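Peer 1: Quick one: sequence plus predicted model below, questions after.
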Amino acid sequence: MDNMPAIEQAKRAIAHILNQGLENPYLGYYIGLGTQSFALLTEAAATLWGEPVEKVRKNFSNPFAKDPTKEDRQ
């Protein structure tokens, strides 16, 4: 991210973390809908991207988030 303005670096980092929460159901459980992390990340994303926060939250909510402590491991 050399020579990238700080705002662009922040946008890229936030988008990466939010996308990881979508792709990984266990991470989605820890940083997804209902967590303070998700609230803060999506609020920052909405501000930086000029989008309504509700839209950002809808787009990055992982309906398949799983609590890893409740997984049946054999």
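Peer 2: Received it, and whenever you're ready, just let me know what you need.
Peer 1: what packs against the longest helix out of those in the chain?
Peer 2: Secondary structure of the chain per DSSP state H: the longest helix is helix 6-23. Judged by 3 or more Cβ pairs under 8 Å, 6 or more residues apart in numbering; DSSP states H and E, helix 6-23 is in contact with helix 25-31, helix 36-49, helix 53-60. All C-beta atoms are positioned from the backbone trio N, CA, C, and that covers glycine.
Peer 1: Which elements pack onto the longest one?
Peer 2: It refers to helix 36-49. helix 6-23, helix 25-31, helix 53-60.
Peer 1: would you turn those into TSV with distance to Thr69 and mean neighbour count?
Peer 2: Output for the helices and strands packed on helix 36-49, formatted as TSV (distance: least, Cβ to Cβ, whole Å; neighbours: other Cβ atoms under 10 Å):
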stretch	distance to Thr69	mean neighbour count
helix 6-23	18	14
helix 25-31	9	18
helix 53-60	23	15
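Peer 1: OK, contacts around the most centrally placed residue in the chain?
Peer 2: For the chain, Leu18 is the residue whose C-alpha lies nearest the centre (Cα atoms, centre = their mean; 2.3 Å). By Cβ atoms under 8 Å, 6 or more residues apart in numbering, the contact set of Leu18 is Leu41, Thr42, Ala45, Phe60.
Peer 1: Out of those residues, which comes closest to Glu23?
Peer 2: Phe60 (10.9 Å; Cβ to Cβ).
Peer 1: picking up where we left off before, show me the one of the helices and strands packed on helix 6-23 that comes nearest Pro5.
Peer 2: Nearest to Pro5, of those and by Cβ to Cβ, is helix 36-49 at 11.6 Å.
Peer 1: Please find the angle between the direction vectors of that closest one and helix 6-23.
Peer 2: 130 degrees (axes from the mean of the first three to the mean of the last three Cα atoms, to 10 degrees).
Peer 1: Would you reformat the helices and strands packed on helix 6-23 as a markdown table and include mean pLDDT and distance to Ala10?
Peer 2: Formatted as a markdown table, the helices and strands packed on helix 6-23 follow (pLDDT from 0 to 100; distance: least, Cβ to Cβ, whole Å):
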| stretch | mean pLDDT | distance to Ala10 |
| --- | --- | --- |
| helix 25-31 | 95 | 17 |
| helix 36-49 | 98 | 6 |
| helix 53-60 | 98 | 14 |
